[in-house]
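Chemist: when you get a sec, could you give me coordinates for this:
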Amino acid sequence: MKTLMASHDWRPPLGGIPRDCICDLPALLGNRLRVGEISKMCGLSFLLLAALMALAAAPLAHGTTLTPGAPRIVDAGFFGIHFHRLQLLPGEGATQTPWPPLNFGMVRLWDSRTRWADLEPAPGVWKFSRLDYYVNEANAHGAKVLYTLGSTPGWASARPDEECSYGRGCAAEPRSLESWREYVRVISRRYRGKVCCYELWNEPKFSDLARDRNAKSFFTGSVADMVEMARIARQVLSEEDPGAILLAPGFVNGADRLDMFLAAGGREYVQAIAYHFYAWDDENRMLRDIAEVRAAMRKNGVAHMPLWNTETGVEVHAADKPVPKETHKRISREEAAAMMVRQMVLSAFAGIDRHFYYSWDHGRTGMVDHAGQHYPARDAMLLAQRWLLGARPDRCNIQAGNPTICWGEKDAKPFAIVWNPVASGMREVPVPKGLRIVSSQVAVPRWLGSNSIAGNANSMLATPNPAIYFFESATHEF
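Modeler: Now for the predicted structure:
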């Protein structure tokens, strides 16, 4: 078995390259072999090999290189979404959301009025009509369902008078874990084969941490409480729907809670890790969070588990509304759409297994307004899915003060997705020698860079509006 050897100026191979091919490319080039001869020896297509040769000629600048970690092809399951108004509430003054004509392979149910407190408002009194509708809609459109467990009804709450994000009592652990067991059993039995995956809880905080005490939250119990609920949930799922995946709680704002949960025994009961990688207008924050989460996973022996980004979004705030401290500045709808695409691309190239955007029809982060009219994010999501669906991500070259360049391969053609993280200004990025641009497209039409992206076959234009460039070989010596 032969291996693609690396020299000081040879970059890691694109995801589409056979990992067991026999090919010391720099040595073969030094022997002045023709591209066609090397192609036969290495088992690579002419075009892909030419692209690799071109990339090898340009040394990699110092900075961060983001890779998926293992070869992957992005499929529709990567693209997850939330919906608020697939079904309207009585008297709700909005347009019902129709299922969009995009490639969403998964739906996460949260803020869809399908919490435990919504489903079982009194002991043994179940209201399934809304959850039935959401699950059936998703299944009818070929999307798998991630159901987020939790949000305790007041009657079952250990602290029914405690304030929570949806009123009172919902952030406390159940007073009796038998009510939790019955809840998980009823849901998993009813939706066996219709709901593929269960997230243990939404954005819990732990009373074990000083900074979490007395904080309004989605969960205010202890890490031991959460681990015990994980144990029961996995036990019930194994009895009622053995193929169902149980995810860790969807943590946010600090990997220390995930570390605590895993170390306290949670790792024994989950099959995937969930985290909410909110970056707002700072994509570097997402990259730091991914690194911290993966470090916690390695520390606790679960580095092999899939990592899901089960909630993320970019908020736009009206001129008369305050900007939250998490957001560095007020941004436009176009800027938000561009940031959404950039963060989605980074997730794919960082090896994030699933990426759930929050949400399709939310007022600040959404892609449509209450009347169903499109925001720029709608078309940007459509284009980003076209770029990534079926793509083989290889790496992103990230360097402070310079454009971000993400290289990959799709339909046997190399591509680069390029943007300038700086809020203003355009930068030209030279096309590696041996490649020629054959097509290009920006993520946010009719915005920054959309009129000047084409016309120069020797350079790519990097603006805050991400653009994709497809290449062909500039040489015909095959």
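Chemist: so what does Glu198 look like in phi/psi?
Modeler: Rather than Glu, residue 198 is Tyr. Note on Tyr198: backbone dihedrals following degrees, to the nearest 10 are phi -130, psi 120.
Chemist: most centrally placed residue in this structure?
Modeler: In the chain, the C-alpha nearest the mean C-alpha coordinate belongs to His355, at 2.3 Å (C-alpha atoms, centre = their mean).
Chemist: tell me which other helices or strands the stretch of helix or strand that one belongs to touches.
Modeler: According to DSSP states H and E, His355 maps onto strand 354-357. In terms of contacts (3 or more C-beta pairs under 8 Å, 6 or more residues apart in numbering; DSSP states H and E), strand 354-357 is packed against strand 79-81, strand 106-109, strand 307-312, helix 333-349. Backbone N, C-alpha and C define where each C-beta goes, glycine included.
Chemist: the same query, at a cut-off of 6 Å, please.
Modeler: strand 79-81, strand 307-312 (3 or more C-beta pairs under 6 Å, 6 or more residues apart in numbering; DSSP states H and E).
Chemist: among these, which is nearest Met106?
Modeler: strand 79-81 (4.0 Å; C-beta to C-beta).
Chemist: separation between Leu287 and Asp353?
Modeler: For Leu287, the distance to Asp353 equals 17 Å [C-beta to C-beta, to the nearest Å].
Chemist: quick check: His328 touching Asp281?
Modeler: Yes. Between His328 and Asp281 a contact is recorded at 5.4 Å, counting by C-beta atoms under 6 Å.
Chemist: the more surrounded of these two?
Modeler: Asp281 (18 against 12; other C-beta atoms under 10 Å).
Chemist: per-residue pLDDT, the more buried one?
Modeler: pLDDT, Asp281: 85.
Chemist: kindly indicate whether it is helix, strand or coil.
Modeler: With DSSP: H, G, I helix; E, B strand; the rest coil as the basis, Asp281 sits in coil.
Chemist: next one: phi and psi at it?
Modeler: With angles defined as degrees, to the nearest 10, Asp281 sits at phi -110, psi 20.
Chemist: show me where pLDDT drops low in the protein?
Modeler: 1-62, 423-424, 450-456, 475-478 (pLDDT under 70).
Chemist: can I see the domain layout of it?
Modeler: 25-69+394-473, 76-389 (automatic domain parsing).
Chemist: show residues contacting the strand holding His355.
Modeler: By C-beta atoms under 6 Å, 6 or more residues apart in numbering, the list of residues contacting strand 354-357 from outside reads 78, 80-81, 108, 308-311, 344, 347.
Chemist: and for stretch 263-278?
Modeler: 199, 223, 227, 230-231, 234, 245-248, 250-252, 286, 289, 293, 300, 302, 305-312.
Chemist: quick one: buried ones out of these?
Modeler: Burial by neighbour count, judged by 16 or more other C-beta atoms under 10 Å, picks out 199, 223, 227, 230, 234, 245-248, 250-252, 286, 289, 293, 300, 302, 305, 307-312 from these.
Chemist: in helices only, show me those residues.
Modeler: 223, 227, 230, 234, 286, 289, 293 (DSSP state H).
Chemist: what residues are up against the nearest residue to Gly154 once chain neighbours are set aside?
Modeler: Among residues not flanking Gly154 along the chain, Gly169 sits closest, at 4.0 Å (C-beta to C-beta, 6 or more residues apart in numbering). Counting by C-beta under 6 Å, 6+ apart, Gly169 makes contact with 154, 157, 160.
Chemist: show the buried residues in the residues you listed.
Modeler: 154, 157.
Chemist: from the contacts of Gly169, which is closest to Ser473?
Modeler: Nearest to Ser473 out of the contacts of Gly169 is Ser157 (C-beta to C-beta; 64.6 Å).
Chemist: contacting residues for the closest one?
Modeler: Applying C-beta under 6 Å, 6+ apart, the residues near Ser157 are 169, 172.
Chemist: let's go with 7 Å and repeat that
Modeler: For Ser157, the contacting residues are 169-170, 172, 175, by C-beta atoms under 7 Å, 6 or more residues apart in numbering.
Chemist: and for Trp419?
Modeler: 342, 403-404, 462-466.
Chemist: go on, Arg333?
Modeler: With C-beta under 7 Å, 6+ apart, Arg333 has these contacts: 316, 375-377.
Chemist: if we go to 6 Å?
Modeler: With C-beta under 6 Å, 6+ apart, Arg333 has these contacts: 316, 375-376.
Chemist: for Asp225, same thing?
Modeler: Glu173.
Chemist: now it: which helix or strand?
Modeler: Using DSSP H and E, Asp225 falls in helix 223-240.
Chemist: next one: that helix to chain centre, how far?
Modeler: Per C-alpha atoms, centre = their mean, to the nearest Å, the displacement of helix 223-240 from the mean C-alpha position of its chain is 26 Å.
Chemist: just stretch 294-310 next, same as before
Modeler: With C-alpha atoms, centre = their mean, you get 15 Å for stretch 294-310.
Chemist: export it to CSV, keeping only CA atoms.
Modeler: The C-alpha trace of stretch 294-310 is given here as CSV (Å, rounded to 0.1, in the frame of the first residue of the first chain):
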residue,chain,number,x,y,z
ARG,A,294,-13.3,18.8,21.4
ALA,A,295,-10.8,19.1,24.2
ALA,A,296,-13.5,18.2,26.7
MET,A,297,-14.5,15.3,24.5
ARG,A,298,-10.9,14.0,24.3
LYS,A,299,-10.5,14.4,28.1
ASN,A,300,-13.6,12.3,28.8
GLY,A,301,-12.9,9.6,26.2
VAL,A,302,-15.7,10.5,23.7
ALA,A,303,-13.6,12.1,21.0
HIS,A,304,-15.1,9.4,18.6
MET,A,305,-18.6,10.6,19.1
PRO,A,306,-20.3,12.9,16.5
LEU,A,307,-20.4,16.6,17.4
TRP,A,308,-23.7,18.3,16.5
ASN,A,309,-24.2,22.1,16.5
THR,A,310,-27.9,21.8,17.5
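Chemist: for it, which outside residues touch it?
Modeler: Contacts for stretch 294-310 (C-beta under 6 Å, 6+ apart): 108, 199, 250, 255, 258-259, 262-263, 267, 272-274, 277, 347, 352-356.
Chemist: circling back to that earlier point, and the strand holding His355, which strands flank it?
Modeler: strand 79-81 (parallel), strand 307-312 (parallel) (DSSP bridges).
Chemist: what are the buried residues along it?
Modeler: Taking 16+ other C-beta under 10 Å as the criterion, strand 354-357 shows 354-357 as buried.
Chemist: ok, and the closest non-adjacent residue to Leu448?
Modeler: The nearest residue in space to Leu448 (C-beta to C-beta, 6+ apart) is Asn465, at 4.3 Å.
Chemist: run a quick neighbour tally on the one you found.
Modeler: 25.
Chemist: could I get the phi/psi values of it?
Modeler: phi -90, psi 110.
Chemist: pretty sure it sits against Val444.
Modeler: Yes. Judged on C-beta under 6 Å, Asn465 makes contact with Val444 at a distance of 5.1 Å.
Chemist: give me the common contacts of these two.
Modeler: Counting by C-beta under 6 Å, 6+ apart, the shared contacts of Asn465 and Val444 are Ala338.
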